[in-house]
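A.B. asks: Predicted model, plus sequence, below.
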Amino acid sequence: MKPPFPGADKEIISIRVMNLMREMVFVLDADKKITFINPAAAETLGYDENVLIGKNMGVFTPGTNDIENLLEQTGLEGSANETEAVLISKYGDMIQVLLTVEAAGGSLGASSAYIIIALDISEHKALERELRMGFDELSALNDILIISRRELERTNAKLVELDKLKNNFISMISHELRTPLTAIKGFLRFLSEGVAGPLNQEQQEFAGLINRNSERLLRLISDLLDMSKIESGTFSINMGKADLTAVINSSIADISSIASAKGIKLEKNYTDKERPAMIDSYRLSQVIINLMNNSLKFSPDKSKITLGIEESGFYRIKYPPYVNTAGLNTCSYYVITIKDGGSGIPEGMHEKIFDRFFQVTQSSTSKPHGIGLGLPITREIINKHGGRIWAESVSGEKGASFVFMIPAE
Ligand SMILES: Nc1ncnc2c1ncn2[C@@H]1O[C@H](COP(=O)(O)OP(=O)(O)OP(=O)(O)O)[C@@H](O)[C@H]1O
Ligand SMILES: [Mg+2]
């Protein structure tokens, strides 16, 4: 092999290389006494180089024979495996090192039997400890997460069970309440009609009061029952061919006495022509009555409620952005609008009012009756018809405007 530095003195080159090395280098004689130590070793261990010449490696490993044993293992020929060890500096600092020992086998002369190279791995070790601690913390966190997830799953299962129980309870109690209430209303009618003898005016008034409150109670019970069916996914409608105009007209007639009691004018903005549609007449009448009841409830005396029916192609209907029309039939639709002159829907609440039990906060003195189930039930009925419902604000105009669409035949 060609010498790497032709003409150069090998020993000088070796010493200069060792002086430049960042690893600690120790050269020992056959008696294991130090004959050379490089500047990196002297500096790291805090000794003057000259002080260490003639000492053995035990200076750096007080109380143990680790390095001595390693040298024994190495023998005078060969090399030992890399070993981790701890060297103690003059100031008592512990330096973790990776040691490589090589027996020179007399090739360096009698004064140089062993070469020991020590790589300072203290930082590496500290990092390893930190990583291990981090890992331990992470696995502890992971254990906590697994436990929390199990608890959440148990709670969730319990909640689903409770929700089912609640729905069953509401459904059962509503049925139980409806039967005696229907009987009360029936006998009340007998009384009012004088079947049990004529009533004087005051008695007639009281009977009327009982009747109105029974009606309200009955509606409340029906709404609770509908809502529990919606929540349990068992709410269904019975579609049949019918005339939408007739259904809307008869719903208006049902409610006209409440309107006239408040002096509210009901204005029909449509012609009475037949409008055939596949609908559940009973449920659609419930929709009109719910919306009209709201308009009447939130409107001042002597105001006006306008109803409109139009027919429009799917793509010409303008929906607010929150209305999801995905999956709707792109056929022709009847678009029904109910517009009142009441308090209106505050900005940002047009979507929320369709949530169950949601009511726009009213001053406690003027809180109107109801529990906030009318609109969510109404929306479900419209959705089941393959339609959509939303509330609109007419800028610059007072009052609320509700619009719904259902497929025209
Ligand atoms: N025409 C309207 N004008 C003003 N606010 C309305 C109108 N319709 C609905 N709202 C608001 O939306 C809320 C929810 O209406 P929804 O019909 O669901 O419940 P409710 O009328 O309060 O009670 P329920 O219908 O169960 O008797 C109402 O409480 C009211 O705040
Ligand atoms: Mg209502």
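C.D. replies: Okay, I see it. Ligands and ions are numbered 1, 2, ... in the order given.

A.B. asks: give the contact list for the residue sitting nearest the centre point of the chain.
C.D. replies: Centroid-nearest residue in the chain: L152, 13.5 Å away (criterion: C-alpha atoms, centre = their mean). By C-beta atoms under 8 Å, 6 or more residues apart in numbering, the contact set of L152 is empty. The way it works is simple: take the backbone N, C-alpha and C, and place the C-beta from them, glycine included.

A.B. asks: which one is L284 nearest to, not counting chain neighbours?
C.D. replies: Closest residue to L284 apart from its sequence neighbours, by C-beta to C-beta, 6 or more residues apart in numbering: V247 at 5.3 Å.

A.B. asks: ditto for I371
C.D. replies: F357 (6.4 Å).

A.B. asks: Check the secondary structure at the one you found for me.
C.D. replies: Secondary structure assignment for F357 (DSSP: H, G, I helix; E, B strand; the rest coil): coil.

A.B. asks: distance of it from ligand 2?
C.D. replies: Note on F357: its distance to ligand 2, by C-beta to the ion, to the nearest Å, is 11 Å.

A.B. asks: Please apply the same query to I382.
C.D. replies: For I382, the distance to ligand 2 - C-beta to the ion - is 15 Å.

A.B. asks: rewinding a little: helix or strand right after the helix or strand that contains the residue nearest to the centre of the chain?
C.D. replies: Assigned by DSSP states H and E, L152 belongs to helix 122-192. Moving toward the C-terminus from helix 122-192, the next helix or strand (DSSP H and E) is helix 201-232.

A.B. asks: Report the mean per-residue pLDDT for that next one.
C.D. replies: Averaging pLDDT along helix 201-232 yields 91.

A.B. asks: Centre of the chain to the helix or strand following it, how far?
C.D. replies: Per DSSP H and E, the first helix or strand lying C-terminal to helix 201-232 is strand 240-243. Distance, stretch centre to chain centre, for strand 240-243: 43 Å (C-alpha atoms, centre = their mean, to the nearest Å).

A.B. asks: Show me what strand 240-243 pairs with in its sheet, parallel or antiparallel.
C.D. replies: Its sheet considered, strand 240-243 pairs with strand 276-279 (antiparallel) by DSSP bridges.

A.B. asks: what does the partner strand contact?
C.D. replies: Under C-beta under 8 Å, 6+ apart, the answer for strand 276-279 is 239-244, 247, 334, 385, 406-409.

A.B. asks: on that earlier part again, my read: the residue nearest to I371 touches G370, true?
C.D. replies: No. The pair F357 and G370 does not pass the contact test of C-beta atoms under 8 Å, sitting 10.0 Å apart.

A.B. asks: Nearest to ligand 2: which residue in the stretch 101-250 of the chain?
C.D. replies: D223 (8.9 Å; C-beta to the ion).

A.B. asks: Look at the residue lying closest to that residue once chain neighbours are set aside and say how many residues are nearby.
C.D. replies: The shortest distance from D223 to any non-neighbouring residue, by C-beta to C-beta, 6+ apart, is to L373 (4.3 Å). When counting by other C-beta atoms under 10 Å, one arrives at 20 neighbours for L373.

A.B. asks: so what's M94 bridging to?
C.D. replies: Note on M94: beta-bridge partners by DSSP bridges are I88.

A.B. asks: What are the neighbouring residues in contact with it?
C.D. replies: By C-beta under 8 Å, 6+ apart, the neighbours of M94 are 86-88, 122.

A.B. asks: Contacts only, for S299.
C.D. replies: By C-beta under 8 Å, 6+ apart, the neighbours of S299 are 262, 264, 305, 340-343, 399.

A.B. asks: Regarding it, which helix or strand does it belong to?
C.D. replies: Per DSSP H and E, there is no helix or strand for S299.

A.B. asks: Excluding chain neighbours, give the residue nearest to it in space.
C.D. replies: Nearest non-adjacent residue to S299 (C-beta to C-beta, 6+ apart): G342, at 3.6 Å.

A.B. asks: Report the secondary structure element holding the one you found.
C.D. replies: Applying DSSP H and E, one finds G342 in no helix or strand.

A.B. asks: now swap in A85 and tell me
C.D. replies: strand 83-88.
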